[in-house]
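>>> What shape does this take:
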Amino acid sequence: MVDRFEKFIFMISEIDRFWHKIAADEMEKYGLKGPYVVYLVALNHHPEGITPMALAELCGRNKADVSRAMSDMREKGFVTKLASEGGVYRARLMLTEEGKAAAEKICSIAARAVEFGGKGIDDEKRAVFYDILGLISENLKRLAEEGLN
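Numbers count the residues shown, from 1 in each chain. From the prediction side, this is the model:
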C-alpha cells in the first residue's frame, strides 16, 4: 500500500514539476510567470470575458492570486477589464489581441506537450487513464472535504 502511495505521489509530482518547467519557459518569453499559463488558457476559452471570481473558481486559485496575475497581465497588455456597475469582482476580464495571440500559442504548446507526454498510449488506454484519474481526483476531493473520520 505504501509503495503504491509513493509511486502515485512521485509520478504526479514529476508530471507537475515538468509541466511547470515547460510553462515557465514559455511564459518567460512574454515576461509573465509560469503559473499564469492557466489564466491565459482559461481566458482563451471565454472570449466573451469572465469575472475574476469565476476565473478563480475555474482555475482553482484564490481571488488574491487572480487579482495579482490579472494586474500583471493588464500591465503587460494581455488582458483588459470591461467596466461593470457591479464592482471590481463583477467586471469581466478579456484577452486583448496580444493576449489572444499569446494564448493561442500557449494552447498550441500545451497540446503538443500533452501529445508528446502521451506517446505510446492508445485511445483505449487513454480513456481508461482519464476515467481513473478523474475517479481518484473526486475521491481525494471528497476525503479532503469530509476528512478521514
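>>> okay, CA-based contacts and neighbour counts for the rest of this
Will do.
>>> Can you tell me the centre-most residue of the protein?
Val38 (3.0 Å; CA atoms, centre = their mean).
>>> Look up how far Ser67 lies from Ile12.
28 Å (CA to CA, to the nearest Å).
>>> who has more neighbours, these two?
Between Ile12 and Ser67, counting by other CA atoms under 10 Å, Ser67 is the more crowded of the two (16 against 11).
>>> pretty sure the more buried one contacts Pro52?
Yes. In this structure, Ser67 is within contact of Pro52 by CA atoms under 8 Å, at 7.3 Å.
>>> I'd like the average pLDDT over the lengthiest helix in the chain.
Longest helix of the chain, by residue count under DSSP state H: helix 2-28. Helix 2-28 comes out with an average pLDDT of 91.
>>> Just the buried residues of it, please?
Residues of helix 2-28 classed as buried: Trp19, Ala23, Ala24, Glu26, Met27 (neighbour count, 16 or more other CA atoms under 10 Å).
>>> neighbours of the closest residue to Leu58 other than its chain neighbours, just the number please.
Excluding the flanking residues, the one nearest Leu58 by CA to CA, 6 or more residues apart in numbering is Ala42, at 7.7 Å. By other CA under 10 Å, the residues close to Ala42 number 17.
>>> for Ala91, same thing?
The number of residues packed around Ala91, counting by other CA under 10 Å, is 19.
>>> Need the pLDDT of it.
Residue-level pLDDT assigned to Ala91 equals 87.
>>> Check the spacing between it and Leu55 real quick.
Taken as CA to CA, the span from Ala91 to Leu55 is 11 Å.
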